[in-house]
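Asker: Sharing a sequence plus its predicted fold:
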Amino acid sequence: MRRSLVLLSAATTTSVVVALLLALGVGLRERGEEQVMVRVSVEAQNLVTVLGDDTDPAGRSRSLSASEESVGGVQALVVAPDDAVVLGSAALASGSTPSSSAVQAARERGQTVVLEADGGRLLAAPFYTGAGTEVLQVTVPDERLHRGLLRAYLVLGLLGVTLVGLATLAFARLGGWFLAPVRELAVVSRALAGGDLDRRAVPGGPRELVDVAEGLNALAERIRELLAAERERAAEVAHRLRTPLTAVQLGVEGVGDEQERQRLSTLLANLAHEVDAVITTSRDPGSGSSRVVDAREVVAERVEFWTALAHEEGRQVQLTLPHTSVWVPLAERDLADVLDVLLDNVLSHTPEGTGLHVALSRAVAEDDLVRLTVADEGPGIPSPEVALERGVSGGGSTGLGLSIVHRVVVGAGGEVEVGSRPGGGAMIRLRLPPARPEV
């Protein structure tokens, strides 16, 4: 944008300067011609006065030569009443000839006349002698009319280039003063969008940009306050769950069946762990595990946990894992939550005995993305296109599960595909970019 402003200012300034220089150039040309002709006219009037009074041919010739040298660059000659050239042999030798139209006009009008001629101008001034009316003709060539004009044009051109350069430099500085706060706002906006709520914009530049920076800072502060309040409420709710969880734990300990008591204790331990995680995350959002995890280990651990519940319902679980570690840009807890949501959906929304398939792979030869697929052999999802919308559910759930999966996966730079499994059933495929293990 700064470059565009500089180019625009240069183009605008150049247009204005060129128009101004053209006008000045034309004015200088006309002014120069006028000054030359005024000088020639004055010199001619002085000369005809001398020529009218002097009858000595040698004296008249000297006066004519002196006048030519005084003006410089002109040729003068004197035409007698019979149109013969009586003075001005030097002018004749240089190619000047008497102009019958100029001589005739001067005689008829009885005053000095100026006419345009090829390659310059002609000045004809009549004067009276004893022999009749003679005419002084002065030829002023274009070279004499425009002497020094080229130098003036060069000075004007240099002045124009200097003006354009100064204007461009001024606009460049002004553009920097204007665009620096804009870049600052863009950087802070991206930082806030990335979750860095501590970043603030430094107000600067025009008053309007100062207002925008102050508004952005106020918005960031308000978002921070709302998030803090929301986390505090979540922590309070989670803390209140501890009491009923303790009561349930006491009830589980009274279950007579050892296997059933062990299963329920495991479920309650996981639930207590989730409650503690909510409290910890709410109080300290920056805490937690690494943002890179080996998906192979997490998938194996969560599938093993849910397999016990699946077998109780007569479900067959098929797990396909790669032989090596597969790292993805997610926290261990987030990936575990994603798998818990997907596997819980299968157990909650398909009939008992429905099989499920979990597969993890990395397509190095294709797009080098990590694929995690959870599929079942149930009735499928009626409306896959709206399944990821928050609050939309085809059953009795809250409709938040898949929307949470979508948020977590997209936040890691991945995507979620909801569709149907070949042969029937639902299929949810997650695509995640690969990550490098942290050292």
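Answerer: Thanks, I have it.
Asker: Tell me how far Gly72 lies from Gly148.
Answerer: 12 Å (CB to CB, to the nearest Å). C-beta: built from backbone N, CA, C; applies to glycine.
Asker: One more: Asp83?
Answerer: Per CB to CB, Asp83 is found 36 Å from Gly148.
Asker: measure Leu185 to Ala213 for me?
Answerer: Distance of Leu185 to Ala213, computed by CB to CB: 6 Å.
Asker: list the residues that contact both of these two?
Answerer: Ala201 (CB atoms under 8 Å, 6 or more residues apart in numbering).
Asker: what pLDDT does the residue of the chain most remote from its centre get?
Answerer: Most distant from the centre of the chain: Gly130, at 86.6 Å, with distances by CA atoms, centre = their mean. Listed pLDDT for Gly130 reads 78.
Asker: can you give me phi and psi for the closest residue to it other than its chain neighbours?
Answerer: Excluding its sequence neighbours, the residue lying closest to Gly130 (CB to CB, 6 or more residues apart in numbering) is Thr55, at 7.5 Å. Dihedral pair for Thr55: phi -100, psi -10, per degrees, to the nearest 10.
Asker: I'd say Thr55 and Val86 touch.
Answerer: No - between Thr55 and Val86 there is no contact under CB atoms under 8 Å: 11.7 Å.
Asker: which neighbours do Gly72 and Gly148 share?
Answerer: By CB under 8 Å, 6+ apart, no residue touches both Gly72 and Gly148.
Asker: And the strands in the chain?
Answerer: All strands of the chain, identified by DSSP state E, fall at 75-79, 85-87, 113-117, 120-129, 132-141, 293-294, 317-320, 327-328, 356-362, 370-376, 415-420, 426-432.
Asker: Can you dump the C-alpha atoms of stretch 214-225 in CSV for me?
Answerer: Provided in CSV are the C-alpha atoms of stretch 214-225 (Å, rounded to 0.1, in the frame of the first residue of the first chain):
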residue,chain,number,x,y,z
GLU,A,214,-7.9,2.3,21.4
GLY,A,215,-11.1,0.4,20.4
LEU,A,216,-9.1,-2.7,19.6
ASN,A,217,-7.4,-2.6,23.0
ALA,A,218,-10.7,-2.1,24.7
LEU,A,219,-12.2,-5.1,22.8
ALA,A,220,-9.2,-7.3,23.8
GLU,A,221,-9.5,-6.3,27.4
ARG,A,222,-13.3,-7.0,27.4
ILE,A,223,-12.7,-10.4,25.8
ARG,A,224,-10.1,-11.2,28.4
GLU,A,225,-12.6,-10.2,31.2
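Asker: So what touches that stretch?
Answerer: Counting by CB under 8 Å, 6+ apart, Leu185, Val188, Ser189, Leu192, Leu197, Arg199, Arg200, Ala201, Pro203 sit against stretch 214-225.
Asker: what's the lowest-pLDDT member of the residues you listed?
Answerer: Leu197 (83).
Asker: any idea how far that one is from His146?
Answerer: From Leu197 to His146 the distance is 73 Å (CB to CB).
Asker: cool, Glu253 as well?
Answerer: According to CB to CB, Glu253 stands 115 Å off from His146.
Asker: higher neighbour count, these two?
Answerer: Just comparing Glu253 and His146: by other CB atoms under 10 Å the higher neighbour count belongs to His146, 16 against 10.
Asker: where does the stretch 151-300 of the chain have low pLDDT?
Answerer: Applying pLDDT under 70 to the stretch 151-300 of the chain flags the ranges 242-243, 277-290.
Asker: That one: helices as residue ranges?
Answerer: Along the stretch 151-300 of the chain, counting by DSSP state H, counting those that start in this stretch, helices occupy 207-253, 258-283, 295-312.
Asker: Take these and lay them out in JSON lines including distance to Thr350.
Answerer: JSON lines is the format used below for the helices of the stretch 151-300 of the chain (distance: least, CB to CB, whole Å):
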{"stretch": "helix 207-253", "distance to Thr350": "27"}
{"stretch": "helix 258-283", "distance to Thr350": "20"}
{"stretch": "helix 295-312", "distance to Thr350": "10"}
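Asker: and Arg31, which of those helices is closest to it?
Answerer: Nearest to Arg31, of all the helices of the stretch 151-300 of the chain, is helix 207-253, at 47.2 Å by CB to CB.
Asker: how far does that closest one sit from the chain's center?
Answerer: In terms of CA atoms, centre = their mean, to the nearest Å, the centre of helix 207-253 is set 37 Å apart from its chain centre.
Asker: give the contact list for Ala152.
Answerer: Neighbouring residues of Ala152 by CB under 8 Å, 6+ apart: Leu28, Gly32.
Asker: Apply 10 Å and report the result again.
Answerer: If a contact means CB atoms under 10 Å, 6 or more residues apart in numbering, then Ala152 has Leu24, Gly25, Leu28, Arg29, Arg31, Gly32, His146 as its contacts.
Asker: swap in Val6?
Answerer: Val6 touches Ala167, Thr168, Leu169, Phe171, Ala172, Leu174, Gly175, Gly176, counting by CB under 10 Å, 6+ apart.
Asker: which of those residues are buried?
Answerer: Neighbour-count burial (16 or more other CB atoms under 10 Å) is assigned, among the contacts of Val6, to Ala167, Thr168, Phe171, Ala172, Gly175.
Asker: Isn't the fourth one up against Ala10?
Answerer: Yes - with contact defined as CB atoms under 10 Å, Ala172 reaches Ala10; the gap is 9.5 Å.
Asker: Show me the longest helix that occurs in the chain.
Answerer: Ranked by residue count, the top helix of the chain under DSSP state H comes out as helix 2-53.
Asker: tell me the angle of it relative to strand 75-79?
Answerer: 30 degrees (axes from the mean of the first three to the mean of the last three CA atoms, to 10 degrees).
Asker: Now do helix 2-53, average pLDDT.
Answerer: Average pLDDT, helix 2-53: 86.
Asker: buried stuff in stretch 354-371?
Answerer: Neighbour-count burial for stretch 354-371 flags Thr354, Gly355, Leu356, His357, Val358, Ala359, Leu360, Arg362, Leu369, Val370, Arg371 (criterion: 16+ other CB under 10 Å).
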